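*Asks:* Take a look and give me a structure for this.
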Amino acid sequence: MSKPRKPKGRAISGWLVLDKPVDFGSTEAVGKIKWLFNAQKAGHAGTLDPLASGMLPIALGDATKTVPYVMDGRKIYEFTVSWGEERTSDDLEGEVTQTSDQRPTEEEIRALLPNYTGVISQVPPQFSAIKIAGERAYDLARDGETVEIPSREVEIHRLTLLRAERDRAFFEVECGKGTYVRSLARDFGRDLGCYGHISGLRRTFVAPFAEEAMVPLAELVALEEIEDRDERLAALDAFLMETSEALSALPQIRISDDQAYRIRMGNPIILRGRDAPVDEPEAVALAGGKLVAIGEIGQGEFRPKRVFA
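*Replies:* Numbering: from 1, shown residues only. Just a heads-up that it's a prediction; the model follows:
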């Protein structure tokens with residue numbers, strides 16, 4: 001019987017909040033970061049199109065187990081809509097399908113925004129990762145097919161017009177999971193009778209990570225010049241955030257090292273004392289400030305669901 005192959009790379013865990021540059025795909029960015037950090041595993045929380053820049057949270061090692069919690073968080077985008085053209089991809093990359101000489105006034109744009117605030121129905125772009133009969137919509141679109149993509153509900157918490165010019169307008173949106181900003185641009189243009197597409201897009205926030213936490217890719221790449229491997233990796237690791245940072249919205253309990261050992265063996269622990277937390281469907285157990293497990297609290301026990309090394 002052959003021995004299982006040892007994973008390549010370092011067993012490090014943490015979050016890197018990358019400031020992704022334009023013309024760099026999300027998958028490409030994850031691959032670059034995984035290689036730079038010599039990490040065994042890496043994944044991202046929410047795709048950014050190549051034409052978009054900004055916050056791309058990347059999880060390394062055990063932190064990949066917390067990706068779903070970041071995916072579900074609120075996001076903030078700054079975006080520019082250019083008027084007069086609708087495109088196949090709803091951004092600059094696509095072919096022009098509709099044109100108009102009509103241009104909206106600032107008053108018309110402002111009057112439209114309440115229609116796009118709250119829970120709204122939205123049809124994702126033809127060039128999106130939505131699966132249609134088992135295939136990605138963007139693959140079908142690249143083959144020249146026009147497919148019927150069902151609408152779905154998304155939540156817009158805040159939508160602000162920052163500035164309006166004749167041929168374009170600048171916005172900021174705070175939205176929930178699954179919102180396509182390209183669809184907003186397309187639908188704005190249709191409602192205003194002038195057509196529109198995204199010509200600039202930057203993500204500035206993905207809960208719970210703040211804009212100040214972003215690290216430019218160029219700053220990380222520059223560290224490749226450090227010849228000493230240990231020194232280089234130590235300089236890179238200084239940019240990592242604790243895995244538990246992704247779970248700051250969940251209730252937290254502090255446990256002892258002995259309790260942490262029991263949890264890592266898959267066992268529940270008893271929570272005693274007046275300050276013992278009440279029942280929670282999801283909570284985080286920390287020992288010495290380090291993440292031990294995500295689990296549930298019930299009947300005076302913490303029961304682990306997902307354990308961290």
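*Asks:* The spatially closest residue to Ser121 that is not a sequence neighbour - how many residues pack around it?
*Replies:* Leaving out its chain neighbours, the residue that sits closest to Ser121 by C-beta to C-beta, 6 or more residues apart in numbering is Ser151, at 4.7 Å. In this view, the C-beta of every residue, glycine as well, is placed from N, C-alpha and C. Neighbour count for Ser151, taken as other C-beta atoms under 10 Å: 11.
*Asks:* can you pull out the helices in this structure?
*Replies:* 26-37, 67-71, 106-112, 137-142, 181-191, 217-221, 229-237, 257-264 (DSSP state H).
*Asks:* Going by mean pLDDT, which of those comes out lowest?
*Replies:* Comparing mean pLDDT over the helices of the chain, the weakest stretch is helix 137-142, at a mean of 55.
*Asks:* And the residue nearest the centre of the chain, how far from Ser248?
*Replies:* Nearest residue to the geometric centre of the chain (C-alpha atoms, centre = their mean): Gly46, 2.9 Å. The gap separating Gly46 from Ser248 is 17 Å, by C-beta to C-beta, to the nearest Å.
*Asks:* what stretches of the stretch 51-200 of the chain score poorly on pLDDT?
*Replies:* Scanning the stretch 51-200 of the chain for pLDDT under 70 picks out 127-146.
*Asks:* again, only this time at 90
*Replies:* 72, 93-94, 124-151 (pLDDT under 90).
*Asks:* all strands of the stretch 1-150 of the chain, in order?
*Replies:* Assigned by DSSP state E, counting those that start in this stretch, the stretch 1-150 of the chain shows strands spanning 14-20, 42-44, 53-60, 75-83, 85-87, 96-99, 118-122, 131-132, 135-136.
*Asks:* got the contact list for Ser100?
*Replies:* 83-85, 193-195 (C-beta atoms under 8 Å, 6 or more residues apart in numbering).
*Asks:* And the contacts of the lengthiest strand in the chain?
*Replies:* In the chain, with assignment by DSSP state E, the single longest strand is strand 152-164. With contacts defined as C-beta under 8 Å, 6+ apart, strand 152-164 is touched by 74, 78, 104-106, 109-110, 113, 116-124, 169-180.
*Asks:* Need the CA coordinates for that strand. PDB is fine.
*Replies:* Presented in PDB, the C-alpha positions along strand 152-164 are these (Å, rounded to 0.1, in the frame of the first residue of the first chain):
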ATOM      1  CA  ARG A 152     -33.100  36.200  -8.300                       C
ATOM      2  CA  GLU A 153     -33.500  38.400  -5.300                       C
ATOM      3  CA  VAL A 154     -30.500  40.400  -4.000                       C
ATOM      4  CA  GLU A 155     -30.300  43.000  -1.300                       C
ATOM      5  CA  ILE A 156     -29.100  46.600  -1.900                       C
ATOM      6  CA  HIS A 157     -28.500  48.200   1.500                       C
ATOM      7  CA  ARG A 158     -27.300  51.600   0.200                       C
ATOM      8  CA  LEU A 159     -27.000  53.100  -3.300                       C
ATOM      9  CA  THR A 160     -25.400  56.600  -3.700                       C
ATOM     10  CA  LEU A 161     -24.800  58.800  -6.800                       C
ATOM     11  CA  LEU A 162     -21.400  60.300  -6.200                       C
ATOM     12  CA  ARG A 163     -21.100  62.400  -9.400                       C
ATOM     13  CA  ALA A 164     -22.900  62.800 -12.700                       C
END
